[in-house]
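1. task: produce atomic coordinates for the following.
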Amino acid sequence: MKRRAALGLLLAFGCGLSATAQTGHRSGSAAPEEIVPRYLLQDPNGRAVSSEDFRGRFQLIAFGYTACPDVCPTTLVEMGAVLDGLGPRADRVQALFITVDPERDTGAVLKSYTSFFNPRIVGLTGTPLLVRRAADNFKVRYEKVRDPADTSGRYAVDHSAGLYLVGPDGRFLKRFPYATPPAILVEALVQALDGR
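-> Numbering: from 1, shown residues only. So this is what the prediction gives:
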């Protein structure tokens, strides 16, 4: 009985997060001039990584966390499909998944998670302060959400959803809303890669 109630709560909670991630305030719909695509984080091997490390390549960036029930897996499936759809052009794109849950998402956890979707996706983490700075620069909102009745300490993270495209010169180019079809993403990236 407890398992059934917990499963029901989890499903209801997950659906609520998904709906919230798709609504206005959580969509991360900031004006392009407001987004400053800068970060200083760590890759899965603990090496410091900044936005400058990917100069010369396009960056396709998503924010999320590995315990996310629906939005993040969907986003990473789409990201993997985009990389596959680009064919050889994908070599000019670095796909990044920046955690909004650095307490749980260690480098090893992120590496296992992102490689499940596509080995070319690199997960980035860091201290809570550095993750917050990166999210703020991209106008990504996130917060821990706890069930008051749950005394186990478990939590979810409510967060903005979408993909961010950064050009090889480090400038923000475009934000794609959550659940943009991969074919549209591929077309947009091909145009960007071809300088159109």
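
2. going forward, measure contacts between C-alpha atoms and count neighbours the same way
-> OK.

3. tell me where the model's unsure across the protein.
-> 1-33 (pLDDT under 70).

4. strands of that one, residue ranges please.
-> In the chain, the segments counted as strands under DSSP state E are 40-42, 48-50, 58-64, 93-99, 121-124, 142-145, 156-159, 163-166, 172-176.

5. which one of these lies nearest to E34?
-> strand 172-176 (9.5 Å; CA to CA).

6. give me the sheet partners of that closest one and which way each runs.
-> Sheet pairing for strand 172-176, assigned by DSSP bridges, gives strand 163-166 (antiparallel).

7. roughly how far is the strand it pairs with from the heart of the chain?
-> How far strand 163-166 lies from its chain's middle: 10 Å, per CA atoms, centre = their mean, to the nearest Å.

8. tabulate the strands of the chain (CSV), appending mean neighbour count and distance to Y113.
-> Output for the strands of the chain, formatted as CSV (neighbours: other CA atoms under 10 Å; distance: least, CA to CA, whole Å):
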stretch, mean neighbour count, distance to Y113
strand 40-42, 21, 16
strand 48-50, 15, 19
strand 58-64, 25, 12
strand 93-99, 24, 10
strand 121-124, 26, 8
strand 142-145, 14, 20
strand 156-159, 21, 17
strand 163-166, 24, 18
strand 172-176, 19, 22
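
9. distance to G80 added to these, as CSV?
-> Listed next are these as CSV, based on distance: least, CA to CA, whole Å:
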stretch, distance to G80
strand 40-42, 21
strand 48-50, 21
strand 58-64, 11
strand 93-99, 9
strand 121-124, 8
strand 142-145, 24
strand 156-159, 21
strand 163-166, 12
strand 172-176, 15
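
10. which one of those lies closest to L110?
-> So among the strands of the chain, strand 121-124 is nearest, using CA to CA, at 5.2 Å.

11. restricting to C-alpha, output the closest one in CSV.
-> Output of strand 121-124 as CSV, limited to C-alpha atoms (Å, rounded to 0.1, in the frame of the first residue of the first chain):
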residue,chain,number,x,y,z
ILE,A,121,27.1,14.8,-24.4
VAL,A,122,29.3,16.1,-21.6
GLY,A,123,27.8,16.6,-18.1
LEU,A,124,29.1,19.6,-16.1
